[in-house]
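1. fold the following and give me the result.
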Amino acid sequence: MKKRNMPFLGIGAASILLVLTIVSLSVFAVLTLSSAKGDEGLSKKLADRTTRYYKASNEANRALEQVDRKLWKLFQSSENEEDYMKNVPRKVTKIDGVSYDKQKEILSFEKEITKEQKLSVWLKISYPKEKGDSCFRVIKWKNETSGEWEKDTSLPVYQKIQKKR
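-> Model prediction:
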């Protein structure tokens, strides 16, 4: 009688390997879906934030246009630099949200991005020497936080259960 050689790895080992492969692929699929869902949420937040920033930036550019128009009209009607600089506060502070510092000759305004952030713009007013010169120079165009920062110390990872006595 011939002795039959049994393979070292029988049908049971192949079945176990198949089950482990299916479980691993399932785990990777779930992790991939979870990661994709997180990326989608982050992308939506970033898109919303970017949209809000550019909306504030567009509003700031419209304010710059108004400032430029008023300063140019003032330049054309002024007799000299002293007359021009003296009348700047009266002309530009009529624009909503614009303030002027006479000592520094700086005009400033802010546009809200979110409740926590604003776009801050400062302009250095200057007297144009020639017809093509600008009436101002942008010295600050910056995102800034508005309000106080509050530290969040809550970490709801582990909550100890207290026994009643």
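2. what distance do you get for the most centrally placed residue in the chain to residue 68?
-> Among the residues of the chain, the smallest C-alpha distance to the mean C-alpha position (C-alpha atoms, centre = their mean) belongs to residue 49, namely 5.0 Å. The span separating residue 49 from residue 68 equals 28 Å under the rule C-beta to C-beta, to the nearest Å. To be clear about C-beta, it is placed using only N, CA and C from the backbone, and glycine gets the same treatment.
3. ok, residue 108 next?
-> With distances taken as C-beta to C-beta, residue 108 is found 15 Å from residue 68.
4. how about residues contacting stretch 25-32?
-> Defining contact as C-beta atoms under 8 Å, 6 or more residues apart in numbering, one finds that nothing outside stretch 25-32 touches it.
5. which SSE is immediately downstream of the lengthiest helix in the chain?
-> Looking only at the chain and at elements set by DSSP state H, the helix with the highest residue count is helix 11-77. Elements were assigned by DSSP states H and E; along the chain past helix 11-77, the next helix or strand is helix 81-92.
6. next, the buried residues of whichever helix or strand comes after that following helix.
-> Toward the C-terminal end, the helix or strand that comes next after helix 81-92 (DSSP H and E) is strand 99-101. Within strand 99-101, the residues scored as buried using 16 or more other C-beta atoms under 10 Å are residue 100.
7. partners of strand 99-101, with directions?
-> For strand 99-101, sheet partners with direction are given as strand 106-112 (antiparallel), following DSSP bridges.
8. got a list of contacts for the helix or strand following the partner strand?
-> Beyond strand 106-112 on the C-terminal side, the first helix or strand identified by DSSP H and E is strand 117-125. By C-beta under 8 Å, 6+ apart, the surrounding residues in contact with strand 117-125 are 53, 56-57, 60, 63-64, 67, 71, 85, 88, 92, 100, 105-113, 135-146.
9. likewise stretch 139-157?
-> The contact list for stretch 139-157 (C-beta under 8 Å, 6+ apart) reads 53, 60, 106, 108, 112-113, 115-124.
10. swap in stretch 73-81?
-> With contacts defined as C-beta under 8 Å, 6+ apart, stretch 73-81 is touched by 84, 87-88, 91, 127-128, 135.
11. can I get the buried part of those residues as one PyMOL selection?
-> PyMOL command restricting those to the buried ones, with burial defined by 16+ other C-beta under 10 Å:
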select buried, resi 84+88+91+127+128+135
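12. sweet, I'm off.
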